[in-house]
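Visitor: please find the sequence and the predicted model below.
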Amino acid sequence: MRSLAFLAVLALATLIAPASLHAGNPMVVFPPRPERLRALRYHAEASEQCLAELGVRGAPFTRGPKVPTIDTPVRLTGPLRGVVFEMHHPTVAHPKDGPLMDCRLLLALDDLALVVADRGVARVRFNSVHRGRWVQRRGWRHAAGVAIDVVEIVRKDGEVLNVLRDFEGHGIGSRTCGEGAPEPQKPKALALRELVCAIDELGSFNLILTPHYDRRHKDHLHLEVRRGIDWFLTQ
Ligand SMILES: [Zn+2]
């Protein structure tokens, strides 16, 4: 009887699991001393500290308009480390004043730019940064301006790595980086996977969701600097 009860609890837990992103996901990592990692360090910074760090780095930005859901609104006004970030959407043009986001996401994008510039990337194309006015929790998701959806990466030689077309996923639930992650065959898929895993190594984003995560992410990489969590998930 006890084992039956246990199985019932297990079944229930499986049903409930999707409500919590990390519950039961074997790919979630709880790093020792997470506060040393960039994603947590950025959120530990007060607004003024964050803005000062952007200034020290020479990131091109302006202060953004006050938005109730964004802690420290800024706009990215030019290339980061030589890498152009541009809106790539069938109906939405690139915002003329630059995309609006939280200061912490801009710090993380600056880290990302350094890594991808080194690997021959010229442009990072996204279809969404800040969106929505409803926040589940402060500092979470697109409404807080701490997440970006990357749809395409363009290399300096003009080659385009498109997530929908080139990711070549191994199915939802597959591992993306690290030991046991399956390797794609085609060069573009391999290049895309290597970029994702180099970004993962930075520790600047605590959430990196790819087509391996679920159907909704089949065409983009969701990169997020989420406030108040001490775990990391790249999938
Ligand atoms: Zn997203």
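Guide: That came through fine. All figures in this text were calculated on a predicted structure; none of them were measured in a lab.

Visitor: residue numbers of the protein in contact with the ion?
Guide: Counting by CB under 5 Å from the ion, the positions of the chain adjacent to the ion are 147, 149, 222. C-beta: built from backbone N, CA, C; applies to glycine.

Visitor: and the first one, how far from Met101?
Guide: From Ala147 across to Met101, the span is 9 Å (CB to CB, to the nearest Å).

Visitor: higher neighbour count, those two?
Guide: More neighbours sit around Met101 than around the other of Ala147 and Met101, counting by other CB atoms under 10 Å; the figures are 27 against 24.

Visitor: my guess is the more buried one meets His130, correct?
Guide: Yes - taking contact to mean CB atoms under 8 Å, the distance of 5.8 Å between Met101 and His130 places them in contact.

Visitor: find residues that contact each of these two.
Guide: Shared contacts of Met101 and His130, defined by CB atoms under 8 Å, 6 or more residues apart in numbering, are found at 70, 145.

Visitor: whichever residue of the chain sits closest to the ion: what secondary structure?
Guide: Relative to the ion, the nearest point of the chain is His222 (3.5 Å; CB to the ion). For His222, the reduced secondary structure class is strand; criterion used: DSSP: H, G, I helix; E, B strand; the rest coil.

Visitor: what about His220, neighbour count?
Guide: His220 has 24 neighbours, counted by other CB under 10 Å.

Visitor: what sits against it?
Guide: 126-127, 149-151, 163-164.

Visitor: helices - which of those land there?
Guide: Using DSSP state H to define helices, the subset of the contacts of His220 located there is 163-164.

Visitor: check contacts around Gly64.
Guide: 70, 73-75, 100-101.

Visitor: change it to 7 Å
Guide: By CB atoms under 7 Å, 6 or more residues apart in numbering, the residues touching Gly64 are 73-75, 100.

Visitor: give me the phi and psi for the residue lying closest to it once chain neighbours are set aside.
Guide: The shortest distance from Gly64 to any residue that is not its chain neighbour, by CB to CB, 6 or more residues apart in numbering, is 3.2 Å, and that residue is Pro73. Backbone dihedrals for Pro73, given as degrees, to the nearest 10, come out at phi -70, psi 130.

Visitor: equivalent analysis for Leu112, please.
Guide: Note on Leu112: backbone dihedrals following degrees, to the nearest 10 are phi -60, psi -40.

Visitor: in terms of helices and strands, where is the nearest residue in space to it that is not next to it in sequence?
Guide: What sits nearest to Leu112 in space, not counting adjacent residues and going by CB to CB, 6+ apart, is Ile199, at 5.5 Å. Applying DSSP states H and E as the criterion places Ile199 in helix 187-202.

Visitor: the helix or strand just after that helix - contacts with which helices or strands?
Guide: Sequence order places strand 207-209 as the next helix or strand after helix 187-202, per DSSP H and E. Taking 3 or more CB pairs under 7 Å, 6 or more residues apart in numbering; DSSP states H and E as the contact definition, the neighbouring helices and strands of strand 207-209 are helix 187-202, strand 221-224.

Visitor: including mean neighbour count, could those go into a markdown table?
Guide: As requested, the helices and strands packed on strand 207-209 are exported to a markdown table (neighbours: other CB atoms under 10 Å):
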| stretch | mean neighbour count |
| --- | --- |
| helix 187-202 | 18 |
| strand 221-224 | 24 |
